[in-house]
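Student: Next one to model:
(2 chains)
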Number of protein chains: 2
Amino acid sequence: MALNIFRKKSEYAFKLERILGFYPKQISLYQQAFTHKSMLISTNKPVYESNERLEFLGDAILDAVISVYIFKKFPFKDEGFLTQLRSKLVSRHFLNNLASKIGLNEFIESNLDRESKTVLGDALEALIGAIYLDKGFKKAEEFVLIRLFETHVVLEDVLETETDYKSRTIEYAQKGKHKIEFESEELGEGNKKFYKVKLFIDNQLLGVGEAISKKLAEQIACEQFFKEKEENSN
Amino acid sequence: MALNIFRKKSEYAFKLERILGFYPKQISLYQQAFTHKSMLISTNKPVYESNERLEFLGDAILDAVISVYIFKKFPFKDEGFLTQLRSKLVSRHFLNNLASKIGLNEFIESNLDRESKTVLGDALEALIGAIYLDKGFKKAEEFVLIRLFETHVVLEDVLETETDYKSRTIEYAQKGKHKIEFESEELGEGNKKFYKVKLFIDNQLLGVGEAISKKLAEQIACEQFFKEKEENSN
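Tutor: Residues are numbered from 1 along each chain as shown, chains lettered A, B, ... in the order given. All right, here's what the predicted structure looks like:
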């Protein structure tokens, strides 16, 4: 029996090793990283045993690693460029895809009725938190840069993609057969003129944006909608 | 002359050492961390030589260090608690005060007409970025935890402070003799009822908040106003 558990544990560790690029030490950390809170609610365990705390930690470590990486890679770019690029590289959408590419779905323990892509991105962040606790900053950095970025990310492509929230919102509405409306107002006078755009989905006000161009105000309204949707789906 | 420069450099390094707790190696990094972009504009140097890039980097390193710190300090608290506490500890307001306490004002090179407290907080973040580049993650972590937190922060006090944006907004309006108005609307039906609050300062719409209570909607509107004000003062 004990031998069996031991064998099971080491099988799990070997499977993990293929993703991590190193042999994990504290297996329980990784198991926690893959445990969605829906698992614990159904087994009456406290929520702090889910991956949410590790996700909090991993999110910050990932941010730091990516910041260092692009800071060094683009020595003549200003802070605005770096901030924009980082926000693309840590976006939920981007992380969900990365998690999917490295095959995290195999590991995730959840009890959700429907599959949610966000669970994948969250687990990836939690995994980075687990690596940090198990092996330190350097190893977490190596994992992100070598296993994730060098293998799966073409930075040039990311630089070219626009985070076009309006297109994504329209796509979402079409898929789900939702009614979508933009209502825009011109406000202010002279060179203080600006646009206020309200986004209604199924007659519900779900985003507001204000900017000096109507196009940008629409993007902001759609971005607000998307970010809240993503937060609520957590 | 050369000897003079050398002596000057080492005087600067010794002065810095009193703040850092270690002797700095790459002095130019620290000089850059204290250079506000207003200095470069007046001397026709490119803005990437200002502290903005280092601030971008230091902000992320600080976030990671604080996340690790509170993650370990509060092992049974959930992610919501950790996120809220972290946002207090990295707020502009909090960092400005810390920077002031360790005496960063002595080092800052700027060409601003009026003194801005934000310049201090920004320089502190940039300093953390400089330490990371000069000495690595561990040293940056040590600086934040030992030199800043252990010496100047009582975590219990921070936990107790409410980030009361409404009080801060009213205080701001009173100080500057601005007219302040809240306009609230009740929207939705039944248990989907919510409040929308608009904040007007000198008749300008400067914040909007929506929430299930009027009080919370006011806080959100004031928070929006404050964050934009802080961003604009950068």
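Student: I'd assumed residue A:25 was in a strand, is it?
Tutor: No - applying DSSP: H, G, I helix; E, B strand; the rest coil, one finds residue A:25 to be coil, outside a strand.
Student: residues in contact with it?
Tutor: Neighbour list for residue A:25: A:134-135 [criterion: C-beta atoms under 8 Å, 6 or more residues apart in numbering or on different chains]. In short, each C-beta sits where N, CA and C put it, glycine included.
Student: mind redoing it with 6 Å?
Tutor: Remark: with contacts taken as C-beta atoms under 6 Å, 6 or more residues apart in numbering or on different chains, residue A:25 is in contact with residue A:134.
Student: Show the backbone phi and psi for it.
Tutor: phi -100, psi -60 (degrees, to the nearest 10).
Student: how far away is it from residue B:72?
Tutor: Plainly put, residue A:25 is 17 Å away from residue B:72 if you go by C-beta to C-beta, to the nearest Å.
Student: ditto for residue A:10
Tutor: Note on residue A:10: its distance to residue B:72, by C-beta to C-beta, is 28 Å.
Student: Those two: which has the busier surroundings?
Tutor: The residue with more neighbours, out of residue A:10 and residue B:72 and counting by other C-beta atoms under 10 Å in any protein chain shown, is residue A:10; that gives 13 against 10.
Student: Quick one: low-confidence residue ranges for chain A.
Tutor: For chain A, residues meeting the criterion pLDDT under 70 lie at A:1-7, A:114-115, A:162-163, A:191, A:230-234.
Student: Break it down into its domains, please.
Tutor: What the record gives for chain A is the domain set A:2-160, A:165-232, from automatic domain parsing.
Student: Tell me which of these sits nearest to residue B:16.
Tutor: Each of the domains of chain A has some distance to residue B:16 by C-beta to C-beta; the shortest is domain A:2-160, at 21.5 Å.
Student: Spatially central residue for chain A, please.
Tutor: Computing the C-alpha centroid of chain A and ranking residues by C-alpha atoms, centre = their mean puts residue A:92 first, at 2.5 Å.
Student: residue ranges for the strands of chain A, please.
Tutor: In chain A, strands defined by DSSP state E lie at A:180-187, A:194-201, A:204-211, listed in chain order.
Student: how about these in a markdown table, adding distance to chain B and mean neighbour count?
Tutor: Compiled in a markdown table, the strands of chain A are given as follows (distance: least, C-beta to the nearest C-beta, whole Å; neighbours: other C-beta atoms under 10 Å in any protein chain shown):
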| stretch | distance to chain B | mean neighbour count |
| --- | --- | --- |
| strand A:180-187 | 8 | 13 |
| strand A:194-201 | 9 | 20 |
| strand A:204-211 | 7 | 19 |
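Student: Looking at the domains of chain A, spot the one closest to residue B:197.
Tutor: With C-beta to C-beta as the measure, domain A:165-232 is the member of the domains of chain A nearest residue B:197 (13.0 Å).
Student: Distance from that closest one to the middle of the chain?
Tutor: Going by C-alpha atoms, centre = their mean, to the nearest Å, the spacing between the C-alpha centre of domain A:165-232 and its chain's C-alpha centre is 22 Å.
Student: Could you report the distance from the residue nearest to residue A:103 when sequence neighbours are not counted to chain B?
Tutor: Using C-beta to C-beta, 6 or more residues apart in numbering or on different chains and skipping residues adjacent in sequence, the residue nearest residue A:103 is residue A:19, 6.6 Å away. To chain B, residue A:19 is 22 Å away according to C-beta to the nearest C-beta, to the nearest Å.
Student: Repeat that for residue A:147.
Tutor: 19 Å.
Student: Now distance to residue B:98 too, for the strands of chain A, in TSV please.
Tutor: Below are those laid out as TSV (distance: least, C-beta to C-beta, whole Å):
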stretch	distance to residue B:98
strand A:180-187	39
strand A:194-201	36
strand A:204-211	33
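Student: Looking at these, which is nearest to residue A:98?
Tutor: Ranking those by their distance to residue A:98 (criterion: C-beta to C-beta) puts strand A:204-211 first, at 26.5 Å.
Student: So what touches that closest one?
Tutor: Taking C-beta under 6 Å, 6+ apart as the criterion, the residues outside strand A:204-211 that touch it are A:194, A:196-199, A:217, A:220-222, A:224-225.
Student: again, but for stretch A:9-18
Tutor: A:23-24, A:27, A:30.
Student: Please report how far the residue in chain A sticking out farthest from the centre lies from chain B.
Tutor: Ranked by distance from the centre of chain A (C-alpha atoms, centre = their mean), the top residue is residue A:190, with 40.5 Å. Residue A:190 sits at a distance of 15 Å from chain B (criterion: C-beta to the nearest C-beta).
Student: Quick one: neighbours of residue A:228, just the number.
Tutor: 12.
Student: typo on my end, it should be residue A:202
Tutor: Using other C-beta under 10 Å as the criterion, residue A:202 is surrounded by 12 other residues.
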